[in-house]
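*Asks:* sequence isn't available, so here's the structure alone:
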C-alpha cells in the first residue's frame, strides 16, 4: 500500500524519503509505517524542514487517492487559523495522487505549482535553529532574478521530488513483499 507512506510525509514526521541530508536535517526518513502518523486532517501542518512550525498545510485529503498540500502567502504568525490562511493567496500547491491501474499496480504522481513570488517573505526556521542546507539554497535563490532562479529551482525540485517518489516506491514495494512472506 502506497497511501500510508504518503500520509506520514513531513520533516519531524517520517521525512520526505528524498535526500535526507539536504531536506531532512540529516535525519533518516522512516523505513516503516508509523501508526501514530497515519491521521492527517485538513489544516494540519506538514513541516518542510525540521523544527519548522509552518510550511505545507493540508488543503485536501481524498483517502487512497490524493493529498493536496499548499503553502499560503500568510504565515502562521500573521494568521493563526490554517483554514483562513488557505483561503487567501498561495505560494505553492503540491498534489500527490494515486492512480489505480489494476488491483496490484498503482501509479504515484506528483504535480506542483508555484507563484511567481514563492520565495518572497518565506517563513524562516526558528531563529535559534541553524539553517539546514535546503534553507540556505532557498535564501540564495530568493536573491536571483526570476529568469535565473526558475531553472535552478525547477531542476532542484525535480531531483528531490523524483527521489521522494522512488523512495516511496521502494518502501511500498518492500512492505508488500514482506506482507506476502508473512
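*Replies:* Here it is on my side, so go on. Owing to the predicted nature of the structure, the values given are computational and were not obtained by experimental measurement.

*Asks:* what's the following helix or strand after the least confident helix or strand in the chain by mean pLDDT?
*Replies:* Within the chain, no helix or strand scores below helix 133-141, which has a mean of 74 by mean pLDDT, DSSP states H and E. Proceeding N to C from helix 133-141, the next assigned helix or strand is helix 146-181, under DSSP states H and E.

*Asks:* which other helices and strands contact the least confident helix or strand of the chain?
*Replies:* With contacts defined as 3 or more C-beta pairs under 8 Å, 6 or more residues apart in numbering; DSSP states H and E, helix 133-141 has these neighbours: helix 20-23, helix 146-181. Where C-beta positions appear, they are placed from N, C-alpha and C, glycine not excepted.

*Asks:* and the shortest one, what does it pack onto?
*Replies:* So that's helix 20-23. Against helix 20-23 (3+ C-beta pairs under 8 Å, 6+ apart) you get helix 133-141.

*Asks:* buried residues, the helix it packs on. List them.
*Replies:* Buried residues in helix 133-141, counted by 16 or more other C-beta atoms under 10 Å: 134, 135, 137, 138, 141.

*Asks:* and residue 62, backbone torsions?
*Replies:* phi -120, psi 100 (degrees, to the nearest 10).

*Asks:* what residues are up against it?
*Replies:* Neighbouring residues of residue 62 by C-beta atoms under 8 Å, 6 or more residues apart in numbering: residue 97.
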